[in-house]
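K.L.:
based on what follows, work out the 3D shape:
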Amino acid sequence: MNKKLFISVLTALLLLSNVSSLFVVKADEIVYEEKKVGIVNDDYINVRSGPGVNNSALKIGDDYVYLFKGDEVSIIGEDKDSDGRLWYRVEFNYKGTDYTRWVISLYVDIKDNETNNDDDGETTGG
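P.N.:
Residues are numbered from 1 along each chain as shown. Coordinates of the predicted model:
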């Protein structure tokens, strides 16, 4: 093999190995088949780039983004941090923009999605 071809092949292999590392998915993360509705149960909570307090909090400009008590999120998955604490992967809207980030499960209650019938026959959320 000539030197130029060898260098080209080697360069291509190095580039491919770097690109493939961008697509690594953690095996521990659970992705839900159906989204769950979550309600924030604390005064305010950070949203983070990954499960765990060592991951960066979402910041837009100079302001950190918080979710507040009563805010509704779509829970699309879960994972544990290095200390074994459960985190939810959530979708939410902040000032007209949709985000997908992580929140610790301790401060989010999963809303019961069952429906109940009232005495008048109307269906209401449970």
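K.L.:
quick one: contacts for residue 45?
P.N.:
Contact analysis of residue 45 by CB atoms under 8 Å, 6 or more residues apart in numbering lists 66-67, 103-104, 107-108. From N, CA and C alone the C-beta is placed, and that goes for glycine too.
K.L.:
let me have those in TSV, extended by pLDDT, distance to residue 38 and neighbour count.
P.N.:
Shown next, in TSV, are the contacts of residue 45 (pLDDT from 0 to 100; distance: CB to CB, whole Å; neighbours: other CB atoms under 10 Å):
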residue	pLDDT	distance to residue 38	neighbour count
66	96	15	15
67	97	9	24
103	98	8	23
104	98	11	19
107	98	9	18
108	98	4	25
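K.L.:
take those residues and write them to CSV, including distance to residue 32 and secondary structure.
P.N.:
Output for those, formatted as CSV (distance: CB to CB, whole Å; DSSP: H, G, I helix; E, B strand; the rest coil):
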residue, distance to residue 32, secondary structure
66, 24, strand
67, 19, strand
103, 15, strand
104, 17, strand
107, 19, helix
108, 14, strand
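K.L.:
which among these gets closest to residue 41?
P.N.:
residue 107 (5.7 Å; CB to CB).
K.L.:
excluding chain neighbours, what is closest to that closest one?
P.N.:
residue 42 (4.1 Å; CB to CB, 6 or more residues apart in numbering).
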